[in-house]
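*Asks:* Sequence plus the predicted model coming up.
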Amino acid sequence: MSSSPPASPSPASPSPSHCDGTHPDLGELLTNCVHCGFCLEVCPTYQMTGDENNSPRGRLRLWREEHEGRLSVDPWTAHYTSECVGCLACEPACPANVPYGEILEQVRHQHVEQARAKPRLSLRLAAALTSKQWLFNLAMAPARWLRSMGILPHRFLFAGRPSLIESTAQYATRLMKQHRPTGPKVALLTGCLMEAVFREINFATIRVLIENNVQVVIPPDQGCCGAFQEHLGLDGVEEMRAQNRTAFEPLDLDAIVCNSSGCGLALSKSLTDRVPVRDVLAFLGDLNPVRRVRSPGSTRVYVDLPCHLIHGQKQAGIPANVLDATGYTWELAPQARDCCGSGGVYNIQKPENSREILAKKSTFLNEAQGDPVVLATSNHVCMMQWNSARSGGLVKRPYIVQHVIQLLDPGDDLTVRPADHASRLPGNAQ
Ligand code: SF4
Ligand code: SF4
């Protein structure tokens with residue numbers, strides 16, 4: 001756990017709140033905590049340190065005391081804020097419904113505004129690039145190319161073969177013309193990092209949706225969901241949300257689907273309730289997806305549940321009928337509901353903490369049954385984190401990291417299923 005004394009902050013008067021009319025009043029939100037401590041045992045940073053200030057309750061107390069002027073602007077407050085993974089495990093544990101994620105977002109933004117937190121230059125540059133997807137795609141082309149060649153020089157680059165030239169939008173248009181599904185109509189959020197580096201997951205998502213007779217559109221003017229900026233406390237989130245409202249809301253859709261739980265959570269904050277934002281696996285669960293038929297084998301899939309799916313989006317998990325439809329023997333990974341330590345960019349900003357959190361979860365892979373062993377989840381950032389367990393000796397045996405949607409992928413065998421299942425969508429029950 002990193003605990004070096006923080007540098008003194010530049011003098012700054014505490015900003016009263018993120019007062020732009022788009023956020024609830026911070027002072028009011030901070031009064032909701034009743035100090036019961038039910039959140040302590042689910043918090044990974046409290047589990048690691050046993051330090052009250054490194055717990056949700058401790059951070060809330062520091063923020064409130066500072067906000068109300070009872071604590072002078074203190075470098076340790078910024079330090080303990082930066083130690084938070086942002087996993088949101090404290091939200092469902094809280095009987096007083098403290099909206100910890102909303103508070104954290106506002107506090108992070110304040111700390112950057114007041115120069116008490118300074119995200120590293122490379123992250124600020126990457127965040128700036130995400131506001132122009134074509135530029136981000138260009139900047140990340142070398143990583144996409146390396147992956148497509150099977151060269152994985154960084155611990156976060158998991159194996160996969162993304163298309164170098166064809167975009168997800170072009171691919172979806174091509175497949176839609178070829179297969180002409182007639183069922184429910186969805187728009188897919190393509191994502192910034194997902195599209196730039198890991199777009200084979202977007203391609204698999206399109207194949208699975210079309211196979212299940214779902215019509216897929218890719219709104220051309222969509223942008224990054226803003227989660228990157230949000231994690232770093234940077235400006236620009238509201239502009240990104242506005243862009244996505246303009247891109248998605250006028251469309252006549254049954255749902256907007258996301259294949260990354262973090263992006264799905266961020267997008268759901270951007271849009272009104274007119275069209276539901278759904279995790280693609282939950283959406284497929286309602287359709288009872290086509291089941292892959294596999295010859296018996298020793299492959300064993302261990303499923304890990306992203307924090308932003310179960311705590312952020314408050315989903316029970318990944319639907320069992322979807323996992324069954326992969327055709328593989330699967331089980332939940334031990335501690336599947338605990339954080340893996342990725343936390344958006346936490347694993348870059350706090351690599352030691354992040355690794356300590358991952359170590360606790362990942363060592364089971366050394367002894368796991370199955371050949372091959374597959375670790376499957378539904379967030380590309382968690383996939384990057386799980387892949388990093390092979391570096392530095394956390395996991396010493398081979399394993400494969402996959403998105404669950406890839407385990408459902410028909411690949412070149414795609415044929416659209418006969419269409420009577422649109423009736424299974426919520427609201428269309430017959
Ligand atoms: S978001 Fe996660 S790390 Fe941060 S206080 Fe809540 S439980 Fe702890
Ligand atoms: S569980 Fe909720 S009310 Fe209780 S200490 Fe934690 S944040 Fe405060």
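*Replies:* That came in fine, so what should we check first? Ligands and ions are numbered 1, 2, ... in the order given.
*Asks:* the strands in the stretch 101-250 of the chain, which residues?
*Replies:* Along the stretch 101-250 of the chain, the stretches classed as strands by DSSP state E, counting those that start in this stretch are 185-188, 215-217.
*Asks:* Name the residues that touch the shortest one?
*Replies:* With CB atoms under 8 Å, 6 or more residues apart in numbering as the test, strand 215-217 has contacts from 172, 175-176, 181-188, 206, 209-210, 251, 253. C-beta coordinates here come from the backbone N, C-alpha and C atoms, glycine included.
*Asks:* how does it look with 7 Å?
*Replies:* Contact with strand 215-217 is made by 172, 176, 181, 183-188, 206, 209-210, 251, as judged by CB atoms under 7 Å, 6 or more residues apart in numbering.
*Asks:* quick one: which of the residues you listed is most hemmed in?
*Replies:* Greatest neighbour count in the contacts of strand 215-217, by other CB atoms under 10 Å, goes to Leu209: 29 neighbours.
*Asks:* Distance of the residue sitting nearest the centre point of the chain relative to Gln385?
*Replies:* Taking CA atoms, centre = their mean as the criterion, Gly262 is the residue nearest the geometric centre of the chain, at 2.3 Å. To Gln385, Gly262 is 12 Å away according to CB to CB, to the nearest Å.
*Asks:* Check Asn212 too.
*Replies:* Going from Asn212 to Gln385 by CB to CB gives 29 Å.
*Asks:* more neighbours, those two?
*Replies:* Between Asn212 and Gln385, counting by other CB under 10 Å, Gln385 is the more crowded of the two (30 against 24).
*Asks:* If I follow the layout properly, that one ends up in contact with Asn347?
*Replies:* Yes. Between Gln385 and Asn347 there is a contact at 5.6 Å, judged by CB atoms under 7 Å.
*Asks:* between these two, what contacts are shared?
*Replies:* Gly341.
*Asks:* follow-up on the earlier one: now tabulate the contacts of strand 215-217 in JSON lines and tack on pLDDT.
*Replies:* Formatted as JSON lines, those follow (pLDDT from 0 to 100):
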{"residue": "Ala172", "pLDDT": "98"}
{"residue": "Met176", "pLDDT": "98"}
{"residue": "Pro181", "pLDDT": "97"}
{"residue": "Gly183", "pLDDT": "96"}
{"residue": "Pro184", "pLDDT": "97"}
{"residue": "Lys185", "pLDDT": "97"}
{"residue": "Val186", "pLDDT": "98"}
{"residue": "Ala187", "pLDDT": "98"}
{"residue": "Leu188", "pLDDT": "98"}
{"residue": "Ile206", "pLDDT": "98"}
{"residue": "Leu209", "pLDDT": "98"}
{"residue": "Ile210", "pLDDT": "98"}
{"residue": "Leu251", "pLDDT": "93"}
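*Asks:* Widest-spaced pair of these?
*Replies:* Using CB to CB, the two most remote members of those are Ile210 and Leu251, lying 17.8 Å apart.
*Asks:* quick one on the thing from earlier: hmm, Thr377 and the residue nearest to the centre of the chain touching each other?
*Replies:* No. Gly262 sits out of contact with Thr377 when judged by CB under 7 Å, with a separation of 11.4 Å.
*Asks:* Appreciated, that's everything.
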